[in-house]
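Enquirer: give me a model of this one.
(one chain, ligands or ions: 2)
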Amino acid sequence: MAIHFSNIKEFIGTRVSWDDRADLFTPEAATAIRAKVEERTVLVFPEVDLTDDEQLKITELLGPKVRLTGKFNVQDNNEDVYQVTLDEKINPQPEYVLGTFFWHMDGLSVDMPPPFATLLSCRIAPDKGGETEFCSTYAAYEGLPDDDKQAIEGLVGVHSVRASLSPIADAIPEKHRERVMGIGGGMEREHPIVWTHESGRKSLVIGTTTDRIVGMEVPAARALLIRLQEWAAQPNFSLRHKWKKGDFVIWDNTGAMHRAIPYDKSTGRMMHRTSIAGTEAVAA
Ligand code: OGA
Ligand code: MN
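Expert: Ligands and ions are numbered 1, 2, ... in the order given. Here you go, the predicted model:
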C-alpha cells in the first residue's frame with residue numbers, strides 16, 4: 001500500500017497522497033485513513049475526483065454509512081449521497097445549507113449517536129467564498145485554562161434544529177418560517193458540553209445547534225457558549241480549506257466543528273456528502 005500523509009498544521013489537518021489511485025480503496029487503506037482521521041481530525045485528498053460510487057466505497061470501508069438528510073433529487077444520484085447546494089432546483093430546502101455558515105457538528109439534534117465522520121467531495125468549486133473551516137474540539141478542550149475546564153465540567157447543552165436555524169430565520173419567507181424552524185417536531189436533545197470519549201480523551205460539544213445550558217440563565221449561558229466557540233475557532237486549533245474541483249475531505253465529526261464561509265448561489269458551489277455512523281453517544 002502506498003498512501004502518504006503530511007501534516008498541514010500543528011494541531012489539525014493532514015494531506016493525503018498516493019502512488020496509485022487504487023491504493024485508496026483497500027481495507028488496509030481504510031484502517032490507516034480511519035486512524036489518521038482520529039489522530040489529525042481533518043484529512044484532505046487533493047483533486048482525487050471521486051465518483052459517487054467511489055465515495056460510497058471509501059465511506060463503507062471506513063464504517064457503516066448513515067443518512068443524515070433526505071435526498072431530494074433521487075433519480076440522478078445515489079440516495080446515500082446528499083448534495084450540498086443552494087440551487088433550489090436540486091435542494092428545495094436551502095435553509096439547511098444556509099445553516100452550515102455557522103460553526104456546528106453534524107447530527108447533534110437528531111436521535112442517534114453523532115456521526116463519526118463526514119465526507120465531502122467538491123463537484124463545483126466556488127470562485128468566491130465557500131471555503132470550509134474546521135476546528136479541533138479536542139485541541140480546544142485540552143488547551144483551555146484549568147479554571148475554565150472546571151467551570152464547564154458537568155454542564156449540559158440543549159440542542160435543536162430551531163437553534164441552528166435561528167441565525168437565518170429572518171431570511172426564511174415568513175409564510176414558511178414556522179414550518180421550517182419546527183422541522184423535527186421541535187425536538188430538543190441534551191448533550192454534555194464536555195464529552196469524555198471511550199478513549200478517555202475529552203472534547204467540547206458546542207456550536208450553533210446549542211440553544212442554552214441546563215440550569216443556567218440564558219444570557220450567561222449564551223455568552224459562555226460564544227466564548228467557548230471563539231476559543232475553539234482560534235487559528236491555532238483551526239484550518240480553512242479552499243476547495244478545488246475534485247478535492248475530497250474527511251473529518252472527525254466527534255472531535256471537530258465545521259462551517260462554510262458564506263457563498264452565493266450564483267457560484268454554483270456543489271458538494272457531495274456522505275456520513276459514517278457514530279458508535280458513541282456524547283457522554284460526560
Ligand atoms: C454539511 C456542511 C459544509 C460545507 O454538509 O454538513 O456543514 O462547506 N457542509 O458545505
Ligand atoms: Mn455540517
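Enquirer: show me where the protein has helices.
Expert: Counting by DSSP state H, the chain has these helices, from start to end: 27-40, 52-62, 95-98, 137-143, 146-152, 161-165, 174-181, 218-232.
Enquirer: contacts for the first one?
Expert: In other words, helix 27-40. For helix 27-40, the surrounding residues in contact (Cβ atoms under 8 Å, 6 or more residues apart in numbering) are 1, 3, 5, 7, 12-14, 16, 23, 43, 58, 61-63, 117, 250-252, 255. (Each C-beta comes from the backbone N, C-alpha and C, glycine too.)
Enquirer: and the residue of the stretch 151-284 of the chain closest to ligand 1?
Expert: Residue nearest to ligand 1 within the stretch 151-284 of the chain (Cβ to the nearest ligand atom): A260, separated by 3.3 Å.
Enquirer: repeat that for the stretch 101-250 of the chain.
Expert: Nearest residue of the stretch 101-250 of the chain to ligand 1 (Cβ to the nearest ligand atom) works out as T132 at 3.6 Å.
Enquirer: in contact with that residue: list those residues for me.
Expert: Neighbour list for T132: L120, R240, H241, W243, V249, H258, R259, A260, I261 [criterion: Cβ under 8 Å, 6+ apart].
Enquirer: only whichever of those are buried, select them in PyMOL.
Expert: If you want just the buried ones from those in PyMOL, going by 16 or more other Cβ atoms under 10 Å, the selection is:
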select buried, resi 120+241+243+249+258+259+260
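Enquirer: so of the contacts of T132, which ones are in strands?
Expert: L120, R240, H241, V249, H258, R259, A260 (DSSP state E).
Enquirer: list just the nearest of these to M216.
Expert: R259 (24.5 Å; Cβ to Cβ).
Enquirer: interface residues of the stretch 1-150 of the chain facing ligand 1?
Expert: Neighbours of ligand 1 within the stretch 1-150 of the chain, by Cβ under 6 Å from any ligand atom: V84, T100, D106, T118, T132.
Enquirer: circling back: now the residue of the stretch 151-284 of the chain closest to ligand 1, nearest residue through space, not along the chain?
Expert: In space, A260 comes closest to T100 once its chain neighbours are excluded; the distance is 4.6 Å by Cβ to Cβ, 6 or more residues apart in numbering.
Enquirer: surely that neighbour meets T85?
Expert: No. Look at T100 against T85 with Cβ atoms under 8 Å: they stay out of range, at 11.1 Å.
Enquirer: which of those two has more neighbours?
Expert: When T100 and T85 are compared on other Cβ atoms under 10 Å, the one with more neighbours turns out to be T85, at 21 against 18.
Enquirer: dump the residue contacts of the more buried one.
Expert: Applying Cβ under 8 Å, 6+ apart to T85 gives the contacts N91, V97, R269, M270, M271.
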